[in-house]
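Student: Make a model of this:
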Amino acid sequence: MQYLYHVLYGVLMAYFGLISPGMLNMTALKIRINNGKSDSLRFSIGASLIVFLQAGIALFFADYLVNNPKIVETLKVVAIFVFFLLSVFFFFLSRKELNPKATKQQGKFFLKGLGMSSINMLAIPFYLGISIYLTSIDKLIIEQPYILLFIFGAGLGSFLIFYTYILFAKIIIKRVLFIAKNINVILSLLFLFLGIFTLIKVLP
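Tutor: The predicted structure is shown next:
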């Protein structure tokens, strides 16, 4: 059952981490609207593969931190910092207007997915913070094969959120500003709560 839980943790973290209208999922949506489903799926597969690698890198650092007892408290402080940073990030995203309209794009969409996902600088801190938090509450086991199962789930979850945007493109494109504002506010409050909760646990 633990194997399934670790895949599920990865799926949920990636899905809700990318649910906010942003660079990657909005690009997948634009490609779906302007080029078609097959091109947007190729983009999504490329972007999801990079998420798999980013989650792996994050868990590598989390594993190092967990296996060094002297810096366990530092580990929790890092999680607090990441959660507050994500809270601020999503708050500012909620105030930003998005323009989902675009002209038809050309090129190799799988490679575009790889490239755009690679420059998403927030991904590794996000998975690092989440993995640290899950480890601190004894939900995540940072050893093989659980690490591989978690990052597999992260890659799968990222593809599922891209596919959600692709599948409901016509609905989302009409309501994108409303969705963006409200989802980003909710995510901002969620990460603020996680940051405060972790801070309370760290304080004596």
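
Student: these two touch, right, Ile31 and Leu41?
Tutor: No - using C-beta atoms under 8 Å as the test, Ile31 is too far from Leu41 to be in contact (9.0 Å). The way it works is simple: take the backbone N, C-alpha and C, and place the C-beta from them, glycine included.

Student: Looking at those two, which is more packed in?
Tutor: Neighbour tally, Ile31 and Leu41, criterion other C-beta atoms under 10 Å: the higher count belongs to Ile31, 27 against 20.

Student: What strand or helix carries that one?
Tutor: helix 23-34 (DSSP states H and E).

Student: Report the inter-axis angle for whatever helix or strand comes next after that helix versus helix 23-34.
Tutor: Heading C-terminal from helix 23-34, the first helix or strand you meet, by DSSP H and E, is helix 37-66. With axes from the mean of the first three to the mean of the last three C-alpha atoms, to 10 degrees applied, the angle from helix 37-66 to helix 23-34 works out at 170 degrees.

Student: for helix 37-66, packing partners?
Tutor: Where contact means 3 or more C-beta pairs under 8 Å, 6 or more residues apart in numbering; DSSP states H and E, helix 37-66 is packed against helix 2-17, helix 23-34, helix 72-94, helix 109-118, helix 123-136, helix 146-167.

Student: and with 6 Å instead?
Tutor: Packing partners of helix 37-66 (3 or more C-beta pairs under 6 Å, 6 or more residues apart in numbering; DSSP states H and E): helix 23-34, helix 109-118, helix 123-136, helix 146-167.

Student: want to throw the ones you listed into JSON lines with mean pLDDT and distance to Val185?
Tutor: JSON lines is the format used below for the helices and strands packed on helix 37-66 (pLDDT from 0 to 100; distance: least, C-beta to C-beta, whole Å):
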{"stretch": "helix 23-34", "mean pLDDT": "80", "distance to Val185": "17"}
{"stretch": "helix 109-118", "mean pLDDT": "86", "distance to Val185": "25"}
{"stretch": "helix 123-136", "mean pLDDT": "79", "distance to Val185": "18"}
{"stretch": "helix 146-167", "mean pLDDT": "89", "distance to Val185": "18"}
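
Student: Specify the stretch among these that is closest to Gln2.
Tutor: Among those, the nearest to Gln2 by C-beta to C-beta is helix 146-167 (7.0 Å).

Student: Mind giving me the packing neighbours of the closest one?
Tutor: Using 3+ C-beta pairs under 6 Å, 6+ apart, helix 146-167 sits against helix 2-17, helix 23-34, helix 37-66.

Student: Using JSON lines, lay out those helices together with distance to Phe110.
Tutor: Listed next are those as JSON lines, based on distance: least, C-beta to C-beta, whole Å:
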{"stretch": "helix 2-17", "distance to Phe110": "19"}
{"stretch": "helix 23-34", "distance to Phe110": "11"}
{"stretch": "helix 37-66", "distance to Phe110": "4"}
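
Student: Spit out the contact partners of Gln54.
Tutor: Neighbour list for Gln54: Ala123, Ile124 [criterion: C-beta atoms under 6 Å, 6 or more residues apart in numbering].

Student: and if we set it to 7 Å?
Tutor: The neighbours of Gln54, taking C-beta atoms under 7 Å, 6 or more residues apart in numbering as the test, are Ala123, Ile124, Tyr127.
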